[in-house]
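[1] Build the 3D model from these lines:
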Amino acid sequence: MQRIALYEFEHNGHAQIGIRFGFNRDMIEKVKELPGVSWSNTFRCFYTRANRPNLDRLVKFLNGNKFYVDYSALHISEMDAEEPAHEKIIAFRKYLHGKRYSKSTIKTYTTFVSKFLEFHDFKSAYDLRDVDRFVETEIAGKNYSISSHRQCISAIKHYFDLSEQEDIDTSKLQRPDKSRFLPSVLSKEEVIDLLRATRNLKHRCILALIYASGLRIGELLNLRLKDIDVDRRQILIRQAKGRKDRYVMLAESFLPLFYNYLQTYQPKVYFAEGNQETQYSSSAVRSFLKDSCRRARIRKKVTPHTLRHSYATHMLENGIDLRYIQELLGHSRPETTMIYTHVTQKDLSRIRSPLDESIQEMMERNKEHPNLRLSRNILE
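    Numbers count the residues shown, from 1 in each chain. Model prediction:
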């Protein structure tokens with residue numbers, strides 16, 4: 001089965017959906033016929049504007065041609081969607097607004113519930129097996145991440161709470177367990193190499209601030225110039241995750257870069273502005289970060305959140321108390337911050353492998369062989 005990878009990148013000033021697959025002449029001819037799809041000589045791939053209608057049209061085409069579609073690099077919840085016309089979806093959106101959920105959560109939940117209702121042709125009554133069929137086909141079947149799977153179940157639970165369907169016990173709708181991954185972290189040297197490899201002044205300023213202040217990508221994009229207090233060396237992060245305000249540090253070494261950026265680009269409202277004083281997009285940040293990693297020859301998978309992980313880990317390695325790091329990161333629970341104790345090198349670097357200990361003991365017992373190596377016969 002032909003594998004097709006969909007991913008996001010920035011091109012011609014807009015977020016695009018890249019379409020990548022192994023060489024297949026028939027596939028190339030079919031993709032060319034899709035409306036809105038173009039070929040990029042720069043990125044060597046087919047692409048279309050990143051929005052919900054284009055994605056739905058593309059997915060319908062790929063599924064109809066029996067291709068295996070990999071969505072893992074696609075940030076579906078961030079794509080612009082047309083205003084849902086069906087009354088059930090409009091009611092669900094109002095319900096979520098009434099619950100005072102964030103704009104991002106409302107957008108994500110509405111997207112999943114829209115897919116669920118469309119999958120079952122907006123029928124009036126549902127049972128648990130309907131949910132299972134949808135998840136098997138549309139979520140697990142299309143290789144969505146575990147976190148997206150969990151969001152989907154949460155969205156459907158909220159919809160059933162709204163519709164008050166007596167035949168469904170929502171407690172039986174089980175979310176998959178969270179994946180427990182250690183955060184990917186760059187070394188201090190890699191961070192400097194990354195910034196040096198970022199040629200564009202605005203891009204370098206954005207990446208430097210994410211790392212220097214430990215910001216989430218959404219916090220960076222929402223940051224307004226008026227909330228940067230140069231005199232106090234502080235930045236006010238307003239209504240971040242959990243609807244909490246907090247202060248973070250403004251690095252002294254960041255200021256020359258910041259002043260240069262202000263003088264060159266003259267942003268008016270937001271720290272990171274696009275055209276006409278609009279907010280920068282997260283897909284644009286991911287795109288130039290990927291390019292900078294390539295230039296810096298960093299082979300790790302690096303996202304904007306990797307810089308935040310690196311900030312926290314390096315703070316811990318520098319001896320900063322975990323409670324202060326929790327406050328600076330805006331974590332509600334100390335358990336969330338504790339994960340950085342598993343990746344810090346401060347104490348791990350002092351621990352020797354038992355193999356090193358064994359070789360050293362052998363060398364001490366065999367003074368006549370001071371240069372024992374595993375690369376040759378130790379017993380010679």
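[2] So which residues of the stretch 1-150 of the chain form strands?
    Listed in chain order, the strands of the stretch 1-150 of the chain (DSSP state E, counting those that start in this stretch) span 3-11, 14-21, 38-40, 45-49, 68-73.
[3] Lowest average pLDDT across those strands?
    Among those, strand 68-73 carries the lowest mean pLDDT, at a mean of 72.
[4] Let me have the strands of the stretch 1-150 of the chain in a markdown table, adding mean neighbour count and distance to residue 321 as columns.
    In short, each C-beta sits where N, CA and C put it, glycine included. Formatted as a markdown table, the strands of the stretch 1-150 of the chain follow (neighbours: other C-beta atoms under 10 Å; distance: least, C-beta to C-beta, whole Å):
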| stretch | mean neighbour count | distance to residue 321 |
| --- | --- | --- |
| strand 3-11 | 19 | 38 |
| strand 14-21 | 20 | 40 |
| strand 38-40 | 14 | 48 |
| strand 45-49 | 21 | 47 |
| strand 68-73 | 15 | 37 |
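[5] Residue 338: how many residues sit nearby?
    By the measure other C-beta atoms under 10 Å, the count of residues near residue 338 is 12.
[6] Mind pulling the model confidence for residue 66?
    With respect to pLDDT, residue 66 scores 71.
[7] cool, residue 310 as well?
    pLDDT for residue 310: 92.
[8] on that earlier part again, can the strands of the stretch 1-150 of the chain go into CSV with extra columns for distance to residue 269?
    Output for the strands of the stretch 1-150 of the chain, formatted as CSV (distance: least, C-beta to C-beta, whole Å):
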stretch, distance to residue 269
strand 3-11, 21
strand 14-21, 21
strand 38-40, 31
strand 45-49, 25
strand 68-73, 31
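[9] Figure out which of these is closest to residue 263.
    Nearest to residue 263 among the strands of the stretch 1-150 of the chain is strand 3-11 (24.6 Å), distances taken as C-beta to C-beta.
[10] so which of the strands of the stretch 1-150 of the chain gets nearest residue 161?
    When the strands of the stretch 1-150 of the chain are compared by C-beta to C-beta, strand 68-73 sits nearest residue 161, at 27.6 Å.
[11] What about the closest residue in space to residue 93 that isn't next to it in sequence, how many residues nearby?
    Among residues not flanking residue 93 along the chain, residue 110 sits closest, at 5.4 Å (C-beta to C-beta, 6 or more residues apart in numbering). Neighbourhood size, residue 110 [other C-beta under 10 Å]: 20.
[12] hmm, back to that, of all the strands of the stretch 1-150 of the chain, which lies closest to residue 106?
    strand 14-21 (20.1 Å).
[13] now the angle from that closest one to strand 45-49?
    Using axes from the mean of the first three to the mean of the last three C-alpha atoms, to 10 degrees, the inter-axis angle of strand 14-21 relative to strand 45-49 is 140 degrees.
[14] List the contacts of strand 14-21.
    2-10, 27, 31, 37, 43, 45-50, 54-55, 58, 67, 74, 79, 281, 283-284 (C-beta atoms under 8 Å, 6 or more residues apart in numbering).
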